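Q: Attaching a predicted model along with its sequence, questions to come.
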Amino acid sequence: MGHFKGITMSLKEDINFSLWCDFIERDFLETRFKEIIKKQIIQGATSNPAIFESSITNSVAYKQQLDMLQANNAKTIYEELALTDIKRAAYLLDGLHKNDADDGFISIEVDPLLCDDAAGTIEEGVRLYSLINADNVMIKVPATQAGYIAMRELTSKGINVNATLIFSPEQAIKCTQALDEGIKDSNKDIKAVVSVFVSRFDRLTDADFTLKGLQASKLGIINATKCYHEVNKFQNPNIRTLFASTGVKGDDLNPSYYIDNLIYPNSINTAPLATIEDWVKDGSKEETSLMSEVACDKYFDNLKVKGIKMDAIYEKLLIDGLDAFKVSFKDLLSKLVH
């Protein structure tokens, strides 16, 4: 493990690459989470409505608090449970954050049902941020038209933002522009990340691409790289690209494939715990050679020639992503009131 610690830290020191853990669960926070922080394997963490739905539904760790909260409505119960975990994670990550202001963050997403409501998202973001009351929290906002307005406003108010559910380079540009303006308005050292989803592209398109004689499991990485180039054009050191949806389903790929192939300067990879453990064991610890933007564009030109409609793929992934979080959230709320 000692050897490994040197490697993660050297990636951090050499190219400011960070690994964050895409998982929260109350018992985990007191066990393995503490270990992977101490061993300097991870530098931060993220959550989303689907993660909380799974943790709160499947873990007995929440039962006592859940029973005590029964007099409240479902959303209040959810927030009490989730914010207890988020505050604990923020506390455990605070040392990392004090040591390096780029890291040691935990993210919590606004109510996914607000994804088309800018004012509602701003209000909820401000409220959650003040309830948690920790410098190292990011409010997660989906990259919709309403989301761009909300993320600009939240950052301008001095709130760190994680822009999420980014699939297209256009979304990446609009998010970075909103975040860049908001951070500059705030006159504070606000941090933001642009969360580009990766593996979902390949799960959606691999079968079709293979039929068309195109290489499988390349679209996610190349699209993420194109988005990374777009974010970097803003040259704002306080905005980093975060690669999300980096777990592997099935046995066709190396389990840490979506970490190994996206180790870029000043970027973050947030991965499920199992993926992190696989990366620690067998993953690449080298900086990935960066595909040029010209090469990315050529790849997309070739897809067009082959009749692949990227706009339709981007739209489907965004709608599916928003819907999945709404379903998780509604399912969770329906289970909280006994």
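A: Sure thing, it's come through.
Q: Do a quick rundown of the strands in this protein.
A: Secondary structure of the chain, counting by DSSP state E: strands at 18-22, 44-46, 106-109, 137-142, 161-166, 192-197, 239-244, 267-271.
Q: Present the ones you listed as a markdown table; the columns should include mean pLDDT and mean neighbour count.
A: (C-beta placed from N, C-alpha, C; glycine too.) As requested, the strands of the chain are arranged in a markdown table below (pLDDT from 0 to 100; neighbours: other Cβ atoms under 10 Å):
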| stretch | mean pLDDT | mean neighbour count |
| --- | --- | --- |
| strand 18-22 | 97 | 25 |
| strand 44-46 | 98 | 26 |
| strand 106-109 | 98 | 28 |
| strand 137-142 | 98 | 28 |
| strand 161-166 | 98 | 30 |
| strand 192-197 | 98 | 29 |
| strand 239-244 | 98 | 26 |
| strand 267-271 | 98 | 26 |
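Q: okay, the ones you listed in TSV with distance to Asn261 next?
A: Listed next are those as TSV, based on distance: least, Cβ to Cβ, whole Å:
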stretch	distance to Asn261
strand 18-22	14
strand 44-46	20
strand 106-109	23
strand 137-142	24
strand 161-166	18
strand 192-197	13
strand 239-244	10
strand 267-271	10
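Q: nearest to Ala82, of those strands?
A: strand 106-109 (6.5 Å; Cβ to Cβ).
Q: Name the residues that touch that closest one?
A: 24, 44-49, 82-83, 86, 89-90, 93, 128, 132, 136-142, 162, 164, 325 (Cβ atoms under 8 Å, 6 or more residues apart in numbering).
Q: how about a cut-off of 6 Å?
A: The contact list for strand 106-109 (Cβ atoms under 6 Å, 6 or more residues apart in numbering) reads 45-49, 86, 89-90, 93, 137-138, 140, 162.
Q: Quickly check these for the two that are furthest apart.
A: That would be Pro49 and Leu93, which, of those, are the farthest apart (Cβ to Cβ) at 20.4 Å.
Q: and for stretch 111-126, what are the contacting residues?
A: 49, 110, 139, 142, 144, 146, 149-150, 153-154, 322, 325-326, 329.
Q: got it, and stretch 176-187?
A: 148, 151-152, 155-156, 158, 190, 192, 194, 231, 234, 236, 238-239.
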